[in-house]
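*Asks:* show me the folded form of this:
(chains A, B and C)
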Amino acid sequence: MPELPEAEAARRLVQRVLVRRRIVAAAAQDDPIVFAGTSARRVAAWLRGRRVVAARRKGKHNWLELDRRPWLAFHFGMTGDLHVYRRAEDRPAFWKLELVTDDGRRVAFTDVRRFGRIRLLRDPAAEPPISRLGFDALAGLPGAAELQAVLRRRQAPLKAVLLDQAVFAGVGNWIADEVLYQAALSPRRKAASLTLAEVARLRRTLHAIVRRAVDLRGDSDRFPATWLFHHRWGRNAEARTARAERIVHETIGGRTTAWVPTRQR
DNA sequence: CTCAGTGTTCAGTG
DNA sequence: TCACTGAACACTGA
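*Replies:* Prediction:
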């Protein structure tokens, strides 16, 4: 479940369970795709004995500061997740990495589809992929004027630019659609065409949606009933918003986009 | 059997 | 070089 709200929920979980703890054991499942640029063996060996100093996040990326470098960085891809438990026999299916703390907790990274990544990096914030990220959608959005200056250079559809992690770090497919719906902007608009007032509306709406979703710990069942989120799934022609507006599904910016042409201009 | 999917990267094109 | 588009990646479930 990985957009910014889930990544932030994971950061808080790690903050609570791992920070200030020592890792007394680590196991990793061999997987050359998920363990990018390293290996399961090397990661497990490195983590054993380390103390966790801090839990950081930017966009959809998380990393752990350790008492020695390199540090541990991870990304959830499409299906990555974290699990916390106490008993070894509760180790979840599709686990890639499991840490055991000095107070007996176990934390596992799982990933069914293997688009997630686990890396060892000397300085995660200063190295790709994290160094390539743009404004964090929760904590780093600039003012409307600066944002407009960035968007002015982009001829792509607004939907595609919202998904560009080098501009809006942490925005994924449903957040992009939700923002465009609530800000009443068409996903097809060229990003460069937005007026300052429209950029201000986009910015304010994005921030409000991300903050609300983070406050709800990414628990989508509790998202406000007025959100497009509850009605956008499945490309069915009958789909309507809570206000009974017709929802259409089209591929824009290379992704399925749910939007309401009668409302979004 | 086919297709879509809460993500990212890379090759090809202009 | 840059911006943009579409395919590819791996796997599950409808």
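
*Asks:* residue A:3: neighbour count?
*Replies:* 21 (other CB atoms under 10 Å). Quick note: C-beta positions are derived from backbone N, CA and C, even for glycine.

*Asks:* equivalent analysis for residue A:84, please.
*Replies:* Quick note: residue A:84 (other CB under 10 Å) scores 15 neighbours.

*Asks:* and it, that's in a strand?
*Replies:* Yes - residue state for residue A:84 (DSSP: H, G, I helix; E, B strand; the rest coil) corresponds to a strand.

*Asks:* what does chain A have sitting close to DNA strand C?
*Replies:* Proximity of chain A to DNA strand C (CB under 7 Å from any atom of the strand) is limited to residues A:33, A:78, A:112-115, A:153-157, A:160-161, A:191, A:253-254.

*Asks:* residue in the stretch 51-200 of chain A nearest to DNA strand B?
*Replies:* residue A:172 (2.1 Å; CB to the nearest atom of the strand).

*Asks:* dihedrals phi and psi, that residue?
*Replies:* phi -120, psi -170 (degrees, to the nearest 10).

*Asks:* pull the contacting residues for it.
*Replies:* Contact analysis of residue A:172 by CB atoms under 8 Å, 6 or more residues apart in numbering lists A:2, A:3, A:4, A:60, A:163.

*Asks:* a markdown table for those residues, including pLDDT and secondary structure?
*Replies:* Listed next are those as a markdown table, based on pLDDT from 0 to 100; DSSP: H, G, I helix; E, B strand; the rest coil:
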| residue | pLDDT | secondary structure |
| --- | --- | --- |
| A:2 | 86 | coil |
| A:3 | 95 | coil |
| A:4 | 97 | helix |
| A:60 | 97 | coil |
| A:163 | 97 | helix |
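
*Asks:* now for those residues: which two are most distant?
*Replies:* Spanning the widest gap among the contacts of residue A:172 are A:2 and A:163, at 13.5 Å by CB to CB.

*Asks:* shaky segments in chain A?
*Replies:* Residue ranges of chain A with pLDDT under 70: A:1.

*Asks:* up against DNA strand B, what does it have?
*Replies:* By CB under 7 Å from any atom of the strand, the residues of chain A that approach DNA strand B are A:1-3, A:6, A:59-60, A:75, A:77-78, A:113, A:115, A:128-129, A:132, A:163, A:165, A:172-174, A:220, A:233, A:235, A:249, A:254-256.

*Asks:* how about the helices in chain A?
*Replies:* Listed in chain order, the helices of chain A (DSSP state H) span A:4-17, A:40-47, A:144-151, A:158-163, A:173-182, A:196-215.

*Asks:* what's the closest of those to residue A:67?
*Replies:* Closest approach to residue A:67 among the helices of chain A is made by helix A:40-47 (11.1 Å; CB to CB).

*Asks:* count of neighbours near the closest residue to residue A:109 other than its chain neighbours?
*Replies:* Of all residues not flanking residue A:109 in the chain, residue A:97 sits nearest, at 4.5 Å (CB to CB, 6 or more residues apart in numbering). By other CB under 10 Å, the residues close to residue A:97 number 24.

*Asks:* isn't residue A:97 up against residue A:116?
*Replies:* No - using CB atoms under 8 Å, residue A:97 makes no contact with residue A:116, being 10.2 Å away.

*Asks:* find residues that contact each of these two.
*Replies:* residue A:109.

*Asks:* one step back: make a markdown table from the helices of chain A and add mean neighbour count to it.
*Replies:* Listed next are the helices of chain A as a markdown table, based on neighbours: other CB atoms under 10 Å:
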| stretch | mean neighbour count |
| --- | --- |
| helix A:4-17 | 20 |
| helix A:40-47 | 17 |
| helix A:144-151 | 16 |
| helix A:158-163 | 24 |
| helix A:173-182 | 24 |
| helix A:196-215 | 18 |
